[in-house]
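Novice: Output the structure for:
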Amino acid sequence: RFSLLLLNLEEYYFEQHRANHIINKGCRDERKFRGSLKICSKSIIFEPDDNIQPIIKIPLRDCISIKAPEDSEANNPFTRYVFLIKERNIIAPYKTVRGRTEHLFQLDVAGKLGDVVQTLHQLYRASCLDKMGDQAAMITAILQSCLARTSFDKNRFQSISETLHMECKAEMVTALVTNPGHVCVTDANLYFQPLNGYPKPVVQITLQNVRRIYKRRHGLMPLGLEVFCTENDLCSDIYLKFYNYQDRDELYFLIATYIENHITEHTAESYMLQWQRGHISNYQYLLHLNNLADRSCNDLSQYPVFPWIIADYSSSVLDLTKPETFRDLSKPIGALNKERLDRLLTRYQEMPEPKFMYGSHYSSPGYVLFYLVRVAPEYMLCLQNGKFDHADRMFNSLAETWKNCLDGATDFKELIPEFYENDSSFLVNSLKLDLGKRQGGKMVEDVELPPWALGPDDFLQKSQEALESQYVSEHLHEWIDLIFGCKQKGSEAVAAHNVFHPLTYEGGVDLNSIMDPNEKVALLTQILEFGQTPKQLFTIPHPRRIIPKLKSLSRTSSHSVSITESPVSPNEESFEDLTEESITLAWNNIAKLKLDEQYKIHKEAITGIAVTCNGSSVFTTSQDSTLKMFSKESKTIQRSVSFSNMALSSCLILQGDTTVISSSWDNHIYFYSIAFGRQQDILMGHDDAVSKICWRDGRLYSASWDSTVKVWHCVPGETLSSKKHHFELLAELEHDVSVNTIDLNAANTVLASGTKEGTISVWDVTTATVLHQLPLSKHAFLLFLLFAFLFCTDSRHLLSTGEDCCFKVIDIQTGMLISSVTAEEPQRCFKWDGNTILSGSQSGELLIWDLLGGKVIERIKGHTGAVTSMWMNEQCSSVITGGEDKQIMFWKLQY
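Specialist: Reported below is the predicted structural model:
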């Protein structure tokens, strides 16, 4: 029946002894009760073996004396009052027995009596100090002395062959309480041995099972570490708080080093990419963001925060197709009611600095237990000194709670993850707790549900459907901006009416700078009880989710959503489906790519590959200055053209297979007529080497080492009597340094350019203006050459690779770098579908990457030098690569 929740907040449990509690000693009605005597930093707790008898809690501060009678093996504190807890093993508010009483405890081991009394005298003196800071300092000194006299018991190792890597003092953290002890890390296991042996002698975690590990802020200090052995669970396997950050960081390094070969460390950006592309749900994404923002189920002051989604708690049917069913996710709770917001803003404007709009937070220990009191009553009793809240302030009704969040002067709370999970027990008083009687005489029982819910399980099911609905998927990024992102603090927070008390923000106070221990304890207590704002994860607007078409959504969604789409004929739709499915099938089997043929056709490295529509002719350019036409059927070179003595950098074929365009290091762009077998035209458009060309809708886009990208309108020569192309310069996009590569989105409205210094610029083609500029190097002096990048088919993401050996995914809408995967060596060229990458490496291998998992899933032996060029057909079933070994290789998928 005993738990650490019977202790006061910030109290420690030191040791226990088997003992008898003797009542009316020497009288005819003398009674003895067997049990365990717990020595704690602020109290003595006696837990009788008989469950009918109450647990006795004696506050040390209220003791009159503690002594050991010479003629008995006993310890008898005289006290002013005691708490009786769990009488008849029923969870209920503590009973208080007032008046002077004597409690006599007879220890089983008489030899321990002196030590026990000495410890109690020390703790009693600490409890009697007037100031909380002085109390905390003395108790900490006693605790550290106890820890220094003990060490981890190496006999607890799972194997005698384990090698010890580290041992230190720490505390195991659970909600509202911490438990001191010793941490030990070996080459196979992580151990924690509690000082008091509670709840078990040793907690052991096998390192091979660890999947996630997070550094945590605990008590506003960077001293926490949380370890998960699962990928998606809400609760961790162990949460540790260290006494200095050096021990924390060393343990983190040891575990992270062990598991780096087993798992990939995920960032907020990598989870964002998975969420955007529909690989994880809205619920899973919010869970991961909470984890990354220091939110933990083991810390009620930083419990995971989830949004109110549904705004309708009165209808008999929940209609998820109506926007008015949902809460406005672009506003914090406090801004949803305009009248209340106006009053708050008036007060805010009259307030001296530091200003804040809301006097309470959206997440605090009290709010968490408000929702969970029916399944975690002992936590509320711990938080509220042995009492439940007033019956009318309990979580009685969803509709009442939502109304109070909209109208209440000080109620701005959000929800917790349990509202979107599968366990509905927190809505039901299954423990038959006496939670009090409301005004009107009604007892507090189960939570009153809205009319549209058939029961607690149905309520959770509909809440999950609402969270995963199309409306929420389209607007969730707005709420993320408020809680985890750019509108969390600063001027953006002021504009969004999202300003809370300064002490709730990370860095709002530096506890190390406060010398007065009493002021420090008081401030820390205030902050932890008030609630804390999550760590800020994003500083620019969060991208929207990519919403799939109805046919895709219906496969993954548990309810139907109406989406307006332009009508298409059955034949068109089925053709699109078949094409899309064949591409998906190809990428799902890309690891089965096999070498079909290879030919050495150039004298230097190959720089570009273009293929005619029917696949019969392959055109290649090379640093040997030649354009070659290779016949797939006859397996011979049919044409070899040299435009100058300078290297050619890329090539493409115009629609209709009439003209090949090649770019050259001699500053020119050459047009070659396939039909007539001769050079047709020259565009002298740059002042330095032309590095890359693209052709879209009658426009030529050319990148050059002269630091420009130029957009040309071209009228092909076949349509003019002169047989020459006509060129008109439409735009010139200027850069600071040489441009190496370019690509356009599917709509030809956005162009991305990459420079030799590793900077990517994203341009609006229609206005010739820069939308975003991303220096992909972390440090200005670490410059690297960008080899290639490509837009994804959805045009929302851009993938780049360069000399820094990293694949980087950029969200075009926001310019945010949302994922980075590091390779062992530079990847020179690639193709991707948004999830999987096929890349050509510096060493000549073809690598297949799981982008979301951040790992190589297949290596295919290829060229004997760098893979410098890659072409893939529209169905993604055929690949041609060119390399530094002067060869072209033909690859086919073999299902």
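
Novice: Tell me how many other residues crowd residue 804.
Specialist: Residues near residue 804, counting by other Cβ atoms under 10 Å, number 21. Every residue, glycine included, has its C-beta placed from N, CA and C.

Novice: Tell me how far it lies from residue 739.
Specialist: With distances taken as Cβ to Cβ, to the nearest Å, residue 804 is found 18 Å from residue 739.

Novice: who touches residue 794 in this structure?
Specialist: Applying Cβ atoms under 8 Å, 6 or more residues apart in numbering, one finds that residue 794 lies in contact with 546, 834.

Novice: Next one, pLDDT for it please.
Specialist: What the model reports as pLDDT for residue 794 is 74.

Novice: Please parse this structure into its domains.
Specialist: Split into domains by the TED database, the chain comes to 4-147, 155-265, 284-530, 582-716+724-893.

Novice: Is residue 248 part of a helix or strand, or is it coil?
Specialist: Counting by DSSP: H, G, I helix; E, B strand; the rest coil, the backbone at residue 248 sits in helix.

Novice: again but with residue 38, I slipped
Specialist: strand.

Novice: per-residue pLDDT, residue 88?
Specialist: Predicted confidence (pLDDT) at residue 88: the value is 79.

Novice: distance of it from residue 748?
Specialist: 77 Å.

Novice: Next: residue 713.
Specialist: Residue 713 sits 13 Å away from residue 748, taking Cβ to Cβ as the criterion.

Novice: what's the overlap in contacts for those two?
Specialist: Shared contacts of residue 713 and residue 748, defined by Cβ under 8 Å, 6+ apart, are found at residue 699.

Novice: hang on, the earlier thing: more neighbours, residue 88 and residue 748?
Specialist: Relative neighbour count places residue 748 above the other of residue 88 and residue 748, with 15 against 9, counting by other Cβ under 10 Å.

Novice: what sits against the more buried one?
Specialist: If you count contacts by Cβ under 8 Å, 6+ apart, residue 748 has them with 696, 697, 699, 765.

Novice: Let me see the contact set for the last one.
Specialist: When the contact criterion is Cβ under 8 Å, 6+ apart, the partners of residue 765 are 711, 731, 744, 748, 749, 750, 751.

Novice: repeat that for 7 Å
Specialist: 711, 748, 749, 750, 751 (Cβ atoms under 7 Å, 6 or more residues apart in numbering).

Novice: Over to the first one?
Specialist: By Cβ under 7 Å, 6+ apart, residue 696 lies in contact with 744, 748.

Novice: what about 10 Å?
Specialist: 711, 744, 745, 746, 747, 748, 751, 765 (Cβ atoms under 10 Å, 6 or more residues apart in numbering).

Novice: Now it. Its backbone dihedrals?
Specialist: Dihedral pair for residue 696: phi -140, psi 120, per degrees, to the nearest 10.

Novice: Give me the pLDDT value at it.
Specialist: Residue 696 is given a pLDDT of 90.

Novice: where exactly do the helices run in the stretch 451-600 of the chain?
Specialist: Along the stretch 451-600 of the chain, counting by DSSP state H, counting those that start in this stretch, helices occupy 456-467, 470-483, 491-495, 517-530, 550-556, 570-588.

Novice: Using a markdown table, please lay out those together with mean pLDDT and distance to residue 370.
Specialist: Putting these into a markdown table (pLDDT from 0 to 100; distance: least, Cβ to Cβ, whole Å) gives the following:
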| stretch | mean pLDDT | distance to residue 370 |
| --- | --- | --- |
| helix 456-467 | 97 | 17 |
| helix 470-483 | 96 | 19 |
| helix 491-495 | 95 | 25 |
| helix 517-530 | 81 | 13 |
| helix 550-556 | 32 | 34 |
| helix 570-588 | 64 | 47 |
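
Novice: Could you say which of the ones you listed is packed most deeply?
Specialist: Highest mean neighbour count among those (mean count of other Cβ atoms under 10 Å): helix 470-483, with a mean of 21.

Novice: could you say what helices and strands that helix packs with?
Specialist: Contact partners of helix 470-483 among helices and strands, from 3 or more Cβ pairs under 10 Å, 6 or more residues apart in numbering; DSSP states H and E: helix 268-276, helix 282-292, helix 456-467, helix 491-495, helix 550-556.

Novice: Relative to residue 640, which of these is closest?
Specialist: In terms of Cβ to Cβ, the element of these nearest to residue 640 is helix 268-276, at 43.9 Å.

Novice: what helices or strands is that closest one leaning on?
Specialist: Against helix 268-276 (3+ Cβ pairs under 10 Å, 6+ apart) you get helix 282-292, helix 470-483, strand 806-811, strand 816-822.

Novice: So residue 286 sits against residue 417, correct?
Specialist: Yes - when contacts are counted by Cβ atoms under 10 Å, residue 286 is listed as touching residue 417 (7.7 Å).

Novice: So for the closest residue to residue 538 other than its chain neighbours, what's the pLDDT?
Specialist: Closest residue to residue 538 apart from its sequence neighbours, by Cβ to Cβ, 6 or more residues apart in numbering: residue 485 at 3.9 Å. Residue 485 is assigned 94 on the pLDDT scale.

Novice: I'd like to know how many residues surround residue 485.
Specialist: Other residues lying near residue 485 total 22 when counted by other Cβ under 10 Å.

Novice: and it, how far is that from residue 216?
Specialist: Using Cβ to Cβ, one obtains 20 Å as the distance from residue 485 to residue 216.

Novice: Just give me how far stretch 522-534 sits from the chain centre.
Specialist: On the basis of Cα atoms, centre = their mean, to the nearest Å, stretch 522-534 sits 23 Å off its chain's mean C-alpha point.

Novice: And stretch 582-597, by the same measure?
Specialist: Stretch 582-597 sits 32 Å away from the centroid of its parent chain (Cα atoms, centre = their mean).

Novice: ok, back up a step: where does the residue nearest to residue 538 fall, phi/psi-wise?
Specialist: Dihedral pair for residue 485: phi -120, psi -150, per degrees, to the nearest 10.

Novice: wait, it sits on residue 540?
Specialist: Yes - here residue 485 reaches residue 540: they are 8.0 Å apart, a contact under Cβ under 10 Å.

Novice: Please enumerate the shared neighbours of these two.
Specialist: Between them, residue 485 and residue 540 have residue 492 as joint contacts when contacts are counted by Cβ under 10 Å, 6+ apart.

Novice: what is the mean pLDDT for stretch 7-18?
Specialist: On average, stretch 7-18 scores 90.

Novice: And it, what's buried?
Specialist: Counting neighbours by 16 or more other Cβ atoms under 10 Å, one finds that the buried residues in stretch 7-18 are 7, 8, 10, 11, 12, 13, 14, 15, 16, 17.

Novice: With secondary structure and distance to residue 305 as added columns, please give these in a markdown table.
Specialist: Below are those laid out as a markdown table (DSSP: H, G, I helix; E, B strand; the rest coil; distance: Cβ to Cβ, whole Å):
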| residue | secondary structure | distance to residue 305 |
| --- | --- | --- |
| 7 | coil | 27 |
| 8 | coil | 26 |
| 10 | coil | 24 |
| 11 | coil | 27 |
| 12 | coil | 29 |
| 13 | strand | 30 |
| 14 | strand | 35 |
| 15 | strand | 38 |
| 16 | strand | 37 |
| 17 | strand | 42 |
